[in-house]
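Trainee: got a predicted structure plus its sequence, pasted below:
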Amino acid sequence: MIEIDFLTADGRSLHAYDVGSTGHTDELVVLWHHGTPNTGAPPEPLFESARSLGIRWISYDRPGYGGSTPHPGATVAAAAADARQIADQLGMGRFAVFGHSGGGPRALACGALLPERVLAVVSVSSPAPWRATGLDYFAGMSAGSTHQLRAATQGRAALEEVLASNEFDPQSFVPADHAALGGNWSWFNGVVEAATANGLDGMVEDDLGTTAPWGFDLADIVAPTLIMHGTDDRMVPSSHGEWLAAHCPGAELRLQRGVGHISVLDSAPGALAWLRRAVTARPEGVRP
């Protein structure tokens, strides 16, 4: 895997990752949008599945995480401009996007704002927009997640105070999540530690952006879209995934029974296979 740093058009530094070519004759580039708080290292537990499907991972640290400088006040929509610049720097044309948790809204932003570049979208365990019409936003959400996101709706100072003094609420994870973090998805322990090693800037910007107007319309997503969510998710309840699927034109909803926020990713190889089929089936026959 190669890692590069470059300056964006507005003078910020972004740190990007590229696992390198799979050698597949019909390679599909997929840009990973990481969760909150993570660094942007592509999801190592999915490397084998991706390689077998000819999927090449690229990704980046969102602003404030890892090697990327902060971008105060950035909207969710700003991730689309960053994704475009990442793809340009790495010499990629068209690509698919895959977002988990806090990366879910950013993947959806790419689908809405980069229709000429994005071939397909997967969003997993994603929150819906704050004040989404008809959604009881905090229903079924753990006390810790509720406390943190309520603070984000009150502004930067309130959120920073909560994050500085708040410990992670273990009730945000169901037993299946704890098992995943001790097994197939123990990889998360490293990327979370790296994401918070130099402070909480990335987490603050993520939460503020997620609970502010996103800056795009879900109805503008024209690429094939898969919304996947665990029915037992207590960090972001599955009602959020259902709402998103109902508001993304033609989106497919997959509710994974008996799993939570992290353990739902045990079904991610199936989502990657869906991506491959969705791109291959495009009537215009475009390729990345």
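Mentor: Nice, thanks for sending it over.

Trainee: list the buried ones in stretch 39-55?
Mentor: 39-46, 49-50, 53, 55 (16 or more other Cβ atoms under 10 Å). Quick note: C-beta positions are derived from backbone N, CA and C, even for glycine.

Trainee: now do stretch 21-38, average pLDDT.
Mentor: Taken as a whole, stretch 21-38 has a mean pLDDT of 96.

Trainee: ugh, typo on my part, it should be stretch 177-184
Mentor: The average pLDDT within stretch 177-184 is 97.

Trainee: rewinding a little: dump the buried residues of stretch 39-55 to CSV, plus distance to residue 74 and secondary structure.
Mentor: Shown next, in CSV, are the buried residues of stretch 39-55 (distance: Cβ to Cβ, whole Å; DSSP: H, G, I helix; E, B strand; the rest coil):
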residue, distance to residue 74, secondary structure
39, 17, coil
40, 15, coil
41, 21, coil
42, 22, coil
43, 23, coil
44, 27, helix
45, 28, helix
46, 27, helix
49, 31, helix
50, 28, helix
53, 32, coil
55, 28, strand
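
Trainee: and the residues you listed, which is closest to residue 165?
Mentor: Ranked by distance to residue 165 (Cβ to Cβ), those are led by residue 39 at 23.6 Å.

Trainee: Three-state assignment for the closest residue to that closest one other than its chain neighbours, please.
Mentor: Spatial nearest neighbour of residue 39, chain neighbours left out: residue 66 (4.0 Å); criterion: Cβ to Cβ, 6 or more residues apart in numbering. Taking DSSP: H, G, I helix; E, B strand; the rest coil as the rule, one finds residue 66 in the coil state.

Trainee: i'd like the first residue to be 20 from this point on
Mentor: Yes, from this point I'll number from 20; that puts the last item at residue 85.

Trainee: what about residue 85, neighbour count?
Mentor: Neighbours of residue 85 under the rule other Cβ atoms under 10 Å: 23.

Trainee: so it makes contact with residue 212?
Mentor: No. The criterion here is Cβ atoms under 8 Å, and residue 85 misses it with residue 212 at 11.4 Å.

Trainee: what residues sit buried inside the helix or strand containing residue 107?
Mentor: Using DSSP states H and E, residue 107 falls within helix 97-108. Under the neighbour-count criterion of 16+ other Cβ under 10 Å, helix 97-108 has 97-106, 108 buried.

Trainee: now whichever helix or strand comes after it, how far from the centre of its chain.
Mentor: Reading on from helix 97-108 to the C-terminus, the next helix or strand found by DSSP H and E is strand 114-119. Computed by Cα atoms, centre = their mean, to the nearest Å, the separation of strand 114-119 from the middle of its chain amounts to 7 Å.

Trainee: next one: the following helix or strand past strand 114-119 to chain centre, how far?
Mentor: Moving toward the C-terminus from strand 114-119, the next helix or strand (DSSP H and E) is helix 122-132. Relative to its chain's centre, helix 122-132 lies at 8 Å (Cα atoms, centre = their mean).

Trainee: one step back: ok, the residue nearest to residue 58 to residue 23 distance?
Mentor: 13 Å (Cβ to Cβ, to the nearest Å).

Trainee: the stretch 120-269 of the chain: strands as residue ranges?
Mentor: Chain-ordered strands for the stretch 120-269 of the chain, with DSSP state E, counting those that start in this stretch as the definition, fall at 137-143, 244-249.

Trainee: residues making contact with the first one?
Mentor: For strand 137-143, contacts defined as Cβ atoms under 8 Å, 6 or more residues apart in numbering pick out 47, 113-120, 123-124, 126-127, 129-130, 240, 242-248, 260, 263, 283-284, 287, 290-291, 293-294, 297-298, 301, 305, 307.

Trainee: Throw together a ChimeraX command that grabs the buried residues out of these.
Mentor: For selection in ChimeraX, the members of the contacts of strand 137-143 meeting the burial criterion (16+ other Cβ under 10 Å) are listed in this command:
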select :47,113,114,115,116,117,118,119,120,123,124,126,127,129,130,240,242,243,244,245,246,247,248,260,263,283,284,287,290,291,293,294,297,298,307
